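J.: okay, sequence plus prediction incoming.
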Amino acid sequence: MAELIRADMSDIIIKEVKDPRLHSITITSVKVTDDLRNAKIYFVEMGKDECSPEIKAGLTQAAGFIRRELGKRVQLRCVPELTFVHDQSFGYGNRIESLLVQIANKQEEKNDQ
């Protein structure tokens with residue numbers, strides 16, 4: 001169910017939401033409670049490690065519309081309440097990658113000497 005919601009959420013944000021602030025986000029994952037009443041939507045802003053306040057404000061304003069559109073697409077008795085959470089794992093991964101590059105560069109310099 002979480003994957004279905006993730007795919008539909010991405011489609012709704014890209015095609016249905018008119019707010020230009022939200023067209024630069026990607027839905028990375030969705031976690032749904034066992035009773036399907038709550039869903040945490042994890043997202044990242046493309047090209048950035050941190051989430052800007054404009055994106056959070058845009059998601060908060062569009063949450064009702066997104067939930068209503070999701071209800072039209074997903075055949076559930078109860079459409080889950082949506083909570084948007086910035087996915088920090090991408091920023092963490094970028095930080096680790098940059099550290100590994102620094103270590104490799106230092107090793108190269110050491111070997112060249």
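T.: The structure has been received and is ready for your questions. Keep in mind that what you see is a predicted model, and the values were worked out from it rather than measured. Numbering: from 1, shown residues only.

J.: which strands and helices sit next to the longest helix anywhere in the chain?
T.: Secondary structure of the chain per DSSP state H: the longest helix is helix 89-112. Using 3 or more Cβ pairs under 8 Å, 6 or more residues apart in numbering; DSSP states H and E, no helix or strand is in contact with helix 89-112. All C-beta spots, glycine's among them, are computed from the backbone N, C-alpha and C.

J.: list of residues touching it?
T.: Contact with helix 89-112 is made by 28, 44, 49-50, as judged by Cβ atoms under 8 Å, 6 or more residues apart in numbering.

J.: for stretch 8-23, same thing?
T.: 25-27, 30, 41, 54-55, 57-59, 61-62, 65-66, 69-70, 73-74.

J.: and if we set it to 7 Å?
T.: 25, 27, 30, 41, 54-55, 58-59, 62, 65-66, 69-70, 73-74 (Cβ atoms under 7 Å, 6 or more residues apart in numbering).

J.: got the CA positions of that stretch in PDB?
T.: Below are the C-alpha coordinates for stretch 8-23, written out as PDB (Å, rounded to 0.1, in the frame of the first residue of the first chain):
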ATOM      1  CA  ASP A   8       0.200   8.400  -6.600                       C
ATOM      2  CA  MET A   9       1.600  11.200  -4.400                       C
ATOM      3  CA  SER A  10       4.500  11.800  -6.900                       C
ATOM      4  CA  ASP A  11       2.000  11.900  -9.800                       C
ATOM      5  CA  ILE A  12      -0.400  14.300  -7.900                       C
ATOM      6  CA  ILE A  13       2.500  16.700  -7.000                       C
ATOM      7  CA  ILE A  14       3.900  16.800 -10.500                       C
ATOM      8  CA  LYS A  15       0.600  16.900 -12.500                       C
ATOM      9  CA  GLU A  16      -2.100  18.300 -10.200                       C
ATOM     10  CA  VAL A  17      -0.600  20.700  -7.700                       C
ATOM     11  CA  LYS A  18      -0.300  24.200  -9.100                       C
ATOM     12  CA  ASP A  19       2.200  25.500  -6.500                       C
ATOM     13  CA  PRO A  20       5.600  25.900  -8.300                       C
ATOM     14  CA  ARG A  21       7.500  25.500  -5.000                       C
ATOM     15  CA  LEU A  22       6.500  21.800  -4.900                       C
ATOM     16  CA  HIS A  23       7.700  20.800  -8.400                       C
END
